[in-house]
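Visitor: structure, please.
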Amino acid sequence: MPRDPRQHEASGLEEWLDDELRFAAAAMLRSVSATGLVRRRPAFAQTITPKPGSVVASLVFGDYDPEPDYFFHWLRDSALVMDALRELMVAGIVGEEGHARFADFIRFSLSLSHIDASKARPDPESVSPSHRQFLRPPADFDQAAGERLLAEARYNPDGTLDIIRWARPQHDGPALRALCLMRYWPLSPCNDSETRGHLQELIIQDLGFVARHWREASFDLWEEEAGGHYYTCLVNLGALVHGKTWLPAADAALAEEASGPLTASLDAHWSDRIAAYRARSDSPDGIPGKDPDIAIVLGVLHADLPRGAHCVADPKVLATLDLIESTFAASLAINRQAGVAEAPALGRFAGDVYYGGGAWYVATLGAAEFCFRLADRTACAGDAGAAEALIERGDAFFDTVRRFTPASGELSEQFDRETGAQTSARNLAWSYAAFITACRARHRVRQRLRG
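Guide: I've put the predicted structure just below:
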């Protein structure tokens, strides 16, 4: 539920951000190497104990009763969580122990590339009859080998293959992990040659996958539709742009060849009709779909292109955010109750129905982070006034998140479109990561403006 307005006015945004950042850091870190937990799925005859280096998307046990079961290590979520950990290390909030967590993450991630799927196939007789319909089809196990293991969306956090039917393949995970680890590389201890070697191996492995498979269709960020997606295309381009010096000659040539077609593909997502980027290039323009989609903005943040189209300074991305904001201002009841100074709470995309299609913390926080990062670019260009205006816009999104964050500080996946009550996965690691990276973006631009 939203906070009492009197409580909302009682303390300033700065104080709340400081408090929530400390809480979010601690809550997110509990999802990394959660080796003290045991997750039992008796219907699937499974007992899961997370290994060091795994990242559990949500530590709250759920069986869709009503919370979903997010006790998995997602490639995407884990990369975003570890990138937020890197930000905490840069900020001095996490010390040397952060390197140990990264070392575990790197070892665990490499182990996932060597899973023997033939040993993961369950005996159907051991699975509850009511749950056999949810098992992966036999052909799915046959395909989970070699490089194709990198197209898995998620794994069990004990390092075993996920046996449950899911949206596969997904091709954003290797790109996001490579981006995270390339950003971590300058921080990694030079005297730890073993971890540095594994780190380099993992980066090259992931970049090689992107260079060889970027043309292939996959499921989207939201795990709902197979096709060509702006988000996946952009993070793949971002990985290859930032990673071109990492790759051996053969893959480097493939990466160079991919740059032009990837950019052209992204350009094709623009729609003059809605004056925004579309989430899918293969959705015919003019036919109602999921647009606008916050995945556009998240892709720009996660790929972090240095310049040109599809970076934070691309005016077409800002136009897309404007459309997203106006869409959810009108469609979510909680936004019609908001104060005039507040930005709207944002959902994922138009027409979303998952768990009621409410507002998402990662969506609203992504909008805030975009404003701060665009403000930073604007400040670098010498326009301090425009930068300050963008900071105010980002702070308005933070104020909205504050309004729908309980006094405990906990962040779920969604908050209800009618009541603001938290729904879907509780204590979602990605929500905490999104809060951390938005806070750090705000800190950087404010530091720049202070000189």
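Visitor: tell me who's in contact with Ala309.
Guide: When contacts are counted by Cβ atoms under 8 Å, 6 or more residues apart in numbering, Ala309 is found next to Thr263, Leu266, Asp267, Lys316. C-beta: built from backbone N, CA, C; applies to glycine.
Visitor: mind running it again at 7 Å?
Guide: Thr263, Asp267 (Cβ atoms under 7 Å, 6 or more residues apart in numbering).
Visitor: gap between it and Ser431?
Guide: Separation of Ala309 from Ser431 (Cβ to Cβ, to the nearest Å): 29 Å.
Visitor: dump the residue contacts of Asp416.
Guide: Neighbouring residues of Asp416 by Cβ under 7 Å, 6+ apart: Gly356, Gly358, Thr423.
Visitor: could you pull up phi and psi at it?
Guide: Backbone geometry at Asp416, expressed as degrees, to the nearest 10, gives phi -60, psi 140.
Visitor: try the one 3 residues further on
Guide: Backbone torsions of Thr419, given as degrees, to the nearest 10, read phi -110, psi -20.
Visitor: swap in Gln414?
Guide: phi -130, psi 170.
Visitor: what pLDDT does it get?
Guide: Looking at Gln414, its pLDDT reads 98.
Visitor: quick one: Ala239 and Ala175 touch, right?
Guide: Yes. Counting by Cβ atoms under 7 Å, Ala239 does reach Ala175; the two are 3.9 Å apart.
Visitor: any shared contact partners between these two?
Guide: Val210.
Visitor: Ala276 touches Asp293, doesn't it?
Guide: No. Here Ala276 does not reach Asp293: they are 9.0 Å apart, not a contact under Cβ under 7 Å.
Visitor: ok, the two, which is more surrounded?
Guide: Ranked by neighbour count (other Cβ atoms under 10 Å), Ala276 and Asp293 place Asp293 first, with 31 against 23.
Visitor: now do the contacts for that one.
Guide: Ala279, Arg348, Phe349.
Visitor: need those in CSV with secondary structure, pLDDT and neighbour count, can you?
Guide: Putting the contacts of Asp293 into CSV (DSSP: H, G, I helix; E, B strand; the rest coil; pLDDT from 0 to 100; neighbours: other Cβ atoms under 10 Å) gives the following:
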residue, secondary structure, pLDDT, neighbour count
Ala279, coil, 95, 29
Arg348, coil, 98, 25
Phe349, strand, 96, 24
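Visitor: in CSV: these, plus distance to Asp158.
Guide: As requested, the contacts of Asp293 are arranged in CSV below (distance: Cβ to Cβ, whole Å):
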residue, distance to Asp158
Ala279, 34
Arg348, 30
Phe349, 33
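Visitor: which stretches of the stretch 351-451 of the chain form strands?
Guide: Secondary structure of the stretch 351-451 of the chain (DSSP state E, counting those that start in this stretch): strands located at 359-360, 414-415, 422-423.
Visitor: which of those sits most buried?
Guide: The highest average neighbour count among those, using mean count of other Cβ atoms under 10 Å, belongs to strand 414-415 at a mean of 28.
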